[in-house]
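Chemist: need the 3D shape of this:
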Amino acid sequence: MTRWSATTVMAQPLLRWAPDRARPGRIADAVSRLERTTALDGAIGALRGGVHAVALGDVRDLLHGRFLGHPVHPLLVQVPVGAWLSSAVLDWTPGGRRQAGLLIAVGLAGAVPAAAAGLADWAELEDEQARVGLGHALLNVVATSCYTMSLASRLIGHRGRKTALFGLAAVAASGALGGHLAYHQAAGANHSEATPRITPPGWHDVGPVADFPDGRPVRCLVGEVAVLVLRDADGTLSALADRCSHLGGPLSEGEITDGCVRCPWHGSTFRLSDGWNVTGPATAPQPCFDTRVTDGRVWVRLRTAAPGDGPAPAGS
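Modeler: The predicted structure is shown next:
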C-alpha cells in the first residue's frame with residue numbers, strides 16, 4: 001500500500017463528516033433538524049417562563065452584557081472551557097494530577113456565572129434559536145456533571161480522568177452548538193449594525209408632516225432601510241432605525257412611553273432622542289436619524305454622532 005492510499009484509508013472516518021458540495025454535511029443537517037423539531041417546545045416554554053419569573057432587576061441587564069455593548073456570556077465561558085481544557089493536558093502529564101483537580105474546581109466555579117448569563121440570553125431567543133440553545137445547555141449540564149463526578153472521585157483518591165474526558169467531549173459538542181447559535185442563527189449579534197453602511201448618505205424626504213400623526217410611530221423607508229419616525233404633540237420629530245438591534249423586531253409596532261420605544265418582540269427599550277438602549281436584552285443602541293421639516297415635508301438623515309452625543313445642528 002502506498003503512502004497516499006494509506007493516508008486516504010486513515011482519513012476515511014473524518015471524511016464522512018467533511019463538507020459535501022452536493023448537500024449539507026452531516027453535522028449541519030443534524031443541527032438543522034434540531035432547529036425544526038417541536039418536541040421540546042413545551043419544556044422550552046416552561047423554562048423560559050421560569051427564567052422570566054426570577055426578579056433580577058438591573059442584574060438581568062448585567063447578565064445580558066449591556067455594559068459591554070455585546071453579550072457577556074461568551075466572555076464568561078472562557079473560564080470553565082479554558083480551565084477544563086488545561087486540566088486535560090495536566091491530567092495526562094506526569095505529576096500534574098493535583099493541578100488538574102484544582103483547574104476542574106476552578107472551571108466548575110466559573111460555570112455558574114456563565115450559565116446564569118447564558119440562561120438570561122436564551123430566554124429572549126426565537127423558537128428555532130431556543131431549540132438549539134436548549135441542546136447547548138443540556139450538553140453543558142452533561143459536561144458539568146462529568147466534571148463534578150471527576151472532582152468528587154479525585155477527592156477520595158481516584159484519578160477521575162476518564163470522566164473528565166467525557167466532560168471535555170460534551171464541552172466540545174456544546175461549543176459547536178454555541179457557534180451555530182452565534183454565527184449561523186445570529187443570536188447575540190447586533191441586528192442593526194449594517195444600518196450605517198447601507199443607508200444612503202444625505203437628507204431624505206419621507207413624506208408630508210400630515211402623514212405622521214401625533215404620538216404614533218410610522219415606518220418609512222430610506223433606500224432599503226426601514227426607519228421609525230415619531231412626531232410628538234409639540235411637533236418634535238424623532239427617528240430611529242426600525243429593526244431592533246437585539247433580534248430585528250419592528251420598533252414601529254412597539255409601545256411609546258416616556259420618550260422611549262419598547263420593542264414588541266422581547267421588550268428592549270430605546271431612547272427616541274438618540275437611540276440609547278435604556279434596558280435590554282438589546283446590548284447595542286439603535287442607529288439614530290436627524291430630522292427636519294422643509295416646506296411641510298419631513299426629512300431624515302443618518303446621524304453620525306455616537307448615542308448620547310445629541311443631534312447634529314439642524315442646518316448641517
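
Chemist: every contact and neighbour count from this point should use C-alpha atoms.
Modeler: Will do.

Chemist: is it true that R231 touches I256?
Modeler: No. R231 is beyond contact range of I256, at 11.3 Å (criterion: Cα atoms under 8 Å).

Chemist: any shared contact partners between these two?
Modeler: G215 (Cα atoms under 8 Å, 6 or more residues apart in numbering).

Chemist: show me where pLDDT drops low in this structure?
Modeler: The chain contains residues with pLDDT under 70 at 1-19, 305-316.

Chemist: need the strands for it, in chain order.
Modeler: Assigned by DSSP state E, the strands in the chain fall at 204-208, 218-222, 225-231, 237-241, 255-257, 260-262, 269-271, 277-279, 288-294, 297-302.

Chemist: residues in contact with the fourth one: which ones?
Modeler: Okay, so that is strand 237-241. Under the criterion Cα under 8 Å, 6+ apart, residues 192, 195, 225-231, 272-275, 286-292, 300 lie in contact with strand 237-241.

Chemist: can you list the strands that it pairs with?
Modeler: Next to strand 237-241 in the sheet, as set by DSSP bridges, lie strand 225-231 (antiparallel), strand 288-294 (antiparallel).

Chemist: chain center to the first one: distance?
Modeler: This means strand 225-231. Using Cα atoms, centre = their mean, to the nearest Å, the mean C-alpha position of strand 225-231 is found 25 Å from that of the whole chain.

Chemist: in stretch 60-76, what counts as buried?
Modeler: 60-66, 70-74, 76 (16 or more other Cα atoms under 10 Å).

Chemist: and for stretch 200-209?
Modeler: For stretch 200-209, by 16+ other Cα under 10 Å, it's 203-206, 209.

Chemist: and for stretch 107-114?
Modeler: Buried-residue list, stretch 107-114, by 16+ other Cα under 10 Å: 107-108, 110-111, 113-114.

Chemist: and those residues as TSV, adding distance to R97?
Modeler: Listed next are these as TSV, based on distance: Cα to Cα, whole Å:
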residue	distance to R97
G107	15
L108	17
G110	20
A111	21
P113	26
A114	26
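
Chemist: any idea how far the residue positioned nearest the centre of the chain is from P80?
Modeler: With distances taken as Cα atoms, centre = their mean, the chain has G188 as the residue nearest its mean C-alpha position (1.4 Å). As judged by Cα to Cα, to the nearest Å, G188 and P80 stand 20 Å apart.

Chemist: who are the contact partners of G82?
Modeler: Contacts of G82 (Cα under 8 Å, 6+ apart): G107.

Chemist: closest to L119 out of the strands of the chain?
Modeler: Among the strands of the chain, the nearest to L119 by Cα to Cα is strand 277-279 (17.3 Å).

Chemist: and the closest one, which strands flank it?
Modeler: Counting by DSSP bridges, strand 277-279 is paired with strand 269-271 (antiparallel).

Chemist: mind listing what's buried in the partner strand?
Modeler: Buried positions in strand 269-271, judged by neighbour count with 16+ other Cα under 10 Å: 269-271.

Chemist: from the rest of the structure, what touches that strand?
Modeler: Residues from elsewhere that reach strand 269-271 (Cα under 8 Å, 6+ apart): 259-263, 276-280, 282, 285-286.

Chemist: mind doing that once more with 7 Å?
Modeler: Contacting residues not belonging to strand 269-271 are listed as 259-263, 276-280 [Cα atoms under 7 Å, 6 or more residues apart in numbering].

Chemist: what's the answer for stretch 284-299, then?
Modeler: With Cα under 7 Å, 6+ apart, stretch 284-299 has contacts from 69-70, 190, 192, 195, 203-209, 237-241, 244-245, 274-277, 300-303, 311-312, 314.

Chemist: returning to that earlier point: same list (the buried residues of stretch 60-76) but as TSV, adding distance to V171.
Modeler: Listed next are the buried residues of stretch 60-76 as TSV, based on distance: Cα to Cα, whole Å:
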residue	distance to V171
R60	25
D61	26
L62	25
L63	21
H64	22
G65	23
R66	26
H70	23
P71	20
V72	18
H73	15
P74	14
L76	14
